[in-house]
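>>> need a structure here:
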Amino acid sequence: MNDEAKRKQLRKYKAFATGLFLVMAITFILMTILQKTTDSHWIGYVRAFSEAAMVGALADWFAVTALFRHPLGLPIPHTNLIENSKQKLGDNLGSFVVTNFLSPQNIRPYIQKLKVSNYVGEWLAKEKNQDILIANISDIVLDILNKLEDSSVSNFISKKVSEMASDIKLNAIVGNGIHYILEKNDHQRIITNLSKQIKDYIIENEEMIQERVQKGSYSFVPKFIDNKIADKIASGLSDFFREIEEDPQHEIRTLITKKIYEFSVDLKQDPKWENEFNSIKKDLLNNERLDQYSNDIWISIKKTIIKELKEEHSSLKSYITKNLNEFSQNLKTDEVFQNKIDHWVRLTAYKYILRNTHQFGNLISSTVGNWQGKELSEKLELEVGKDLQFIRVNGTLVGGLVGLIIYTIAHFFI
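Residues are numbered from 1 along each chain as shown. From the prediction side, this is the model:
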């Protein structure tokens, strides 16, 4: 029922109560006039009833009216009670709600019945809802990205990178990386490939070796001897690197591994290498370059995200949709996951309500306290005014009956 319907209903019952009072007043006047012209006994009884009924009606009218306004506009003390006591009413109402409705023993049964996992799973499973959710998330993220100042973000990235870089020991990272490669034995593939490349290069460039030998030989040495020496050198070198390539246990491999390991230890422990890498780091990450790197990184990330969010069927949106489907399926089928979600929701709701019960009380108190007194009176009168009019009606009838009983007793026994 809206406010207008409630006003019509209130006017109807006010008119009924007032009409009953007027009936009693008219009856009292008529009985008083008749009593002067006739001696009928029943007139006294009717007059007594109507007289007491008027008194009861007026008394209850005064009491009901005094709750909401000053009777007849007169500032009689202890009237217009709701307007004058609205702050106390708000405080008491807030305290009443908190004490009787938001106590742990009252809210616990309702919290324990909360089961949102199935509902959320069903909601997320619908394509229409997924589209709405993704569209809203996209709008929010796009709005945030458009409002961000590029310079502020790039400066933030630059600052954080600079802070992290100052604490990073590149020599230790490189040393540990080399040590990791050695432990995995991955360096053997490098040695194998490098040996093969050198072997193939020697075989493919035998003429160059002959030219070098001839160039470094004495003039009196015959050319065929130089060529023979060059062939021996090329053959020996190629065979040597073929052995390294084909033999996983070759001593050269062991020697290279040992030297690489020693180098990795030096990288981590020798202050010389720490200084070298710090110098490289300062050169690569000076303020000007770092600012440029940070700005380029941020602009690239921003453009990519904006593009992905604006496109209807982008990779990012497809990825989000896929994960939403998996999440909704888990919510509907995975009992363990359901229990975890529901338990978390219940616990969070329970803690939040208990932690903020005073806020609910304050909200009610401040809301009632901030209402205009007349507005508050009107609101309450619309809600309970109809029932209060029955108090007036009952006061009229009960008052009349009491007056009739008193008159009867006085007439027969006094």
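>>> In the helix or strand hosting residue 342, which residues are buried?
Using DSSP states H and E, residue 342 falls within helix 335-355. Buried residues in helix 335-355, counted by 16 or more other CB atoms under 10 Å: 338, 341, 342, 345, 346, 350, 353. From N, CA and C alone the C-beta is placed, and that goes for glycine too.
>>> May I see the residues you listed arranged in a markdown table, with distance to residue 176 as well?
As requested, those are exported to a markdown table (distance: CB to CB, whole Å):
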| residue | distance to residue 176 |
| --- | --- |
| 338 | 44 |
| 341 | 41 |
| 342 | 45 |
| 345 | 44 |
| 346 | 47 |
| 350 | 48 |
| 353 | 51 |
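>>> In contact with the residue nearest to residue 330 when sequence neighbours are not counted, which residues?
In space, and not counting its chain neighbours, residue 330 is closest to residue 337: 5.0 Å by CB to CB, 6 or more residues apart in numbering. The contact partners of residue 337, by CB atoms under 8 Å, 6 or more residues apart in numbering, come to 117, 330, 331.
>>> Tell me the one among the buried residues of helix 335-355 nearest to residue 268.
Taking CB to CB as the measure, residue 341 is the one of the buried residues of helix 335-355 closest to residue 268, at 46.9 Å.
>>> Tell me how far the closest one lies from residue 195.
Between residue 341 and residue 195 the computed distance is 59 Å (CB to CB, to the nearest Å).
>>> cool, and residue 343?
Noted for residue 343: a distance of 62 Å to residue 195, by CB to CB.
>>> I'd like the mean pLDDT over the helix or strand harbouring residue 330, please.
Using DSSP H and E, residue 330 sits in helix 315-333. When pLDDT is averaged over helix 315-333, the result is 87.
>>> any idea how far it is from the chain center?
Between the centre of helix 315-333 and the centre of its chain there are 19 Å (CA atoms, centre = their mean, to the nearest Å).
>>> swap in stretch 193-210?
That offset, for stretch 193-210, works out to 67 Å (CA atoms, centre = their mean).
>>> Use 19 as the first number from now on
Done: numbering now begins at 19, and the last item shifts to stretch 211-228.
>>> Show me which residues of that stretch are buried.
In terms of neighbour count (16+ other CB under 10 Å), stretch 211-228 has its buried residues at 213, 216, 217, 220, 224, 227, 228.
>>> Number of residues surrounding residue 92?
7 (other CB atoms under 10 Å).
>>> For it, give its distance to residue 83.
Distance of residue 92 to residue 83, given as CB to CB: 11 Å.
>>> quick revisit: with respect to residue 426, which of the buried residues of stretch 211-228 is nearest?
Nearest member of the buried residues of stretch 211-228 to residue 426, counting by CB to CB, is residue 213, at 132.7 Å.
>>> pretty sure that closest one is in contact with residue 257, am I right?
No. Taking CB atoms under 8 Å as the definition, residue 213 is not a contact partner of residue 257, at 11.4 Å.
>>> where do the contact lists of the two overlap?
Contacts common to residue 213 and residue 257, judged by CB under 8 Å, 6+ apart, are absent.
>>> Helix, strand or coil: sort out residue 97 for me.
Following DSSP: H, G, I helix; E, B strand; the rest coil, residue 97 is assigned to coil.
>>> What strand or helix carries the residue nearest to it when sequence neighbours are not counted?
Nearest-residue entry for residue 97: residue 84, 4.0 Å, with adjacent residues in sequence omitted and distances by CB to CB, 6+ apart. Using DSSP H and E, residue 84 sits within helix 59-86.
>>> what separates that helix from the chain centre, distance-wise?
The chain centroid and the centroid of helix 59-86 are separated by 62 Å under CA atoms, centre = their mean.
>>> now swap in stretch 247-264 and tell me
71 Å.
>>> avg pLDDT for it?
Averaging pLDDT along stretch 247-264 gives 84.
>>> List the contacts of residue 284.
Contact analysis of residue 284 by CB under 8 Å, 6+ apart lists 193, 291.
>>> Return the distance of residue 397 relative to residue 134.
34 Å.
>>> meant to ask about residue 170
For residue 170 relative to residue 134 (CB to CB), the value is 38 Å.
>>> Looking at these two, which one has more neighbours?
Counted by other CB under 10 Å, residue 170 and residue 134 do not tie: residue 134 has more neighbours, with 16 against 10.
>>> That one reaches residue 360, doesn't it?
Yes. At 6.4 Å, residue 134 counts as touching residue 360 under the criterion of CB under 8 Å.
>>> Run the chain-centre distance for whichever strand or helix holds residue 41.
Element membership of residue 41 [criterion: DSSP H and E] is helix 21-55. Computed by CA atoms, centre = their mean, the separation of helix 21-55 from the middle of its chain amounts to 59 Å.
>>> Next, the buried residues of that helix.
Buried, per 16+ other CB under 10 Å, within helix 21-55: 24, 28, 31, 32, 35, 38, 39, 42, 43, 45, 46, 49.
>>> lowest-confidence helix or strand of this structure?
The least trusted helix or strand in the chain, going by mean pLDDT, DSSP states H and E, turns out to be helix 99-102, with a mean of 66.
>>> hmm, who's touching stretch 254-271?
For stretch 254-271, contacts defined as CB under 8 Å, 6+ apart pick out 206, 209, 210, 213, 214, 216, 217, 220, 221.
>>> gap between residue 295 and residue 278?
Distance from residue 295 to residue 278, by CB to CB: 18 Å.
>>> And residue 404, by the same measure?
Computed as CB to CB, the residue 404 to residue 278 distance reads 95 Å.
>>> quick one: the lengthiest helix in the chain to helix 59-86, angle?
In the chain, with assignment by DSSP state H, the single longest helix is helix 391-431. For helix 391-431 against helix 59-86, the angle by axes from the mean of the first three to the mean of the last three CA atoms, to 10 degrees is 160 degrees.
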